[in-house]
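Asks: kindly return the folded structure for what I paste below:
(chains A and B)
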Amino acid sequence: RKEVEQDPGPFNVPEGATVAFNCTYSNSASQSFFWYRQDCRKEPKLLMSVYSSGNEDGRFTAQLNRASQYISLLIRDSKLSDSATYLCVVTGWGNTGKLIFGQGTTLQVKP
Amino acid sequence: GAVVSQHPSWVICKSGTSVKIECRSLDFQATTMFWYRQFPKQSLMLMATSNEGSKATYEQGVEKDKFLINHASLTLSTLTVTSAHPEDSSFYICSALNRQGSGSGYTFGSGTRLTVV
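Replies: Residues are numbered from 1 along each chain as shown, chains lettered A, B, ... in the order given. The predicted model follows:
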């Protein structure tokens, strides 16, 4: 079983749509959770951290369910510029600082 | 904000040669640097963790004698791919841990695309 699992997609949505991505992680000792965005042939860039209380940044909302070891990302009012691969990332156990990446979910927003 | 400069951004080399990739933290001290590899349509896979002044810790399945990591200073870590072969062609990215930084605390280099012919 992969440590971080995501549906690779692709998700093809029209502009203005709302789209949700899900992610599960296997290690209950994971401490920190993030969504990163990666454009083709580029380095990943932090989109937002994820907390149990849920957090929102403009059109993006992230949620963590520790009991279910489940992380979600909701994008409202999709823009063409949102087209990218979204990576679910958790830190490894212990204090190693390692980041464990999911495979990524590809989003294509169409006009 | 924190910046990690990674060079070269792309390199083409002949099979059997060695390639060195550098990552420099420009405005902070990176005591820990992570090295990742990403094959097409796959996720970033951690290769090794390097701590300044000590030997790197390699992930299972990563050959330490093939992927040499040096982290001799708080601002520079290097990855050398020795005797490169076509199957080593990949996207290599470093990430520095800045525990005093904002956001996730991780700053990524811009990546190096290695093609071995």
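
Asks: can we go C-alpha only for contacts and neighbour counts from here?
Replies: OK.

Asks: do stretch A:57-64 and chain B meet?
Replies: No. Residues of stretch A:57-64 contacting chain B under CA under 8 Å from any CA of the partner chain: none, with a closest distance of 13.1 Å.

Asks: what residues of that stretch count as buried?
Replies: If you call a residue buried by 16 or more other CA atoms under 10 Å in any protein chain shown, then stretch A:57-64 has these buried ones: A:60, A:61, A:62, A:63, A:64.

Asks: just put the residues you listed in CSV and tack on secondary structure and pLDDT.
Replies: Below are the buried residues of stretch A:57-64 laid out as CSV (DSSP: H, G, I helix; E, B strand; the rest coil; pLDDT from 0 to 100):
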residue, secondary structure, pLDDT
A:60, strand, 98
A:61, strand, 97
A:62, strand, 97
A:63, strand, 96
A:64, strand, 95
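
Asks: among the residues you listed, which one sits closest to chain B?
Replies: Using CA to the nearest CA, residue A:62 comes nearest to chain B of the buried residues of stretch A:57-64, at 14.6 Å.

Asks: hmm, that closest one is touching residue A:71, no?
Replies: Yes. Counting by CA atoms under 8 Å, residue A:71 is a contact partner of residue A:62 at 7.4 Å.

Asks: can you list residues touching both of the two?
Replies: residue A:50 (CA atoms under 8 Å, 6 or more residues apart in numbering or on different chains).

Asks: which SSE is residue A:86 in?
Replies: strand A:84-91 (DSSP states H and E).

Asks: just the buried residues of the helix or strand hosting residue B:70, please?
Replies: Using DSSP H and E, residue B:70 sits within strand B:67-73. By 16+ other CA under 10 Å, the buried positions in strand B:67-73 come out as B:67, B:69, B:70, B:71.

Asks: okay, now the unreliable bits of chain B?
Replies: Along chain B, segments meeting pLDDT under 70 span B:99-103.

Asks: residues from chain A in reach of chain B?
Replies: Close to chain B, as judged by CA under 8 Å from any CA, chain A has residues A:34, A:42-46, A:48-49, A:97-104.

Asks: which of those residues fall in strands?
Replies: A:34, A:45, A:46, A:48, A:49, A:99, A:100, A:101 (DSSP state E).

Asks: you'd agree the second one is up against residue A:36?
Replies: It refers to residue A:45. Yes. If you go by CA under 8 Å, residue A:45 and residue A:36 touch, sitting 5.3 Å apart.

Asks: about what we covered before: next SSE after the strand holding residue B:70?
Replies: Using DSSP H and E, the helix or strand that follows strand B:67-73 in sequence is strand B:76-81.

Asks: chain center to that following strand: distance?
Replies: Mean-position distance between strand B:76-81 and its chain equals 6 Å (CA atoms, centre = their mean, to the nearest Å).

Asks: adjacent strands (with direction) for it?
Replies: When pairing is defined by DSSP bridges, strand B:76-81 lines up against strand B:19-25 (antiparallel), strand B:67-73 (antiparallel).

Asks: burial check on whatever residue of chain A ends up closest to chain B, number of neighbours?
Replies: Nearest residue of chain A to chain B: residue A:103, at 4.3 Å (CA to the nearest CA). Neighbours of residue A:103 under the rule other CA atoms under 10 Å in any protein chain shown: 23.
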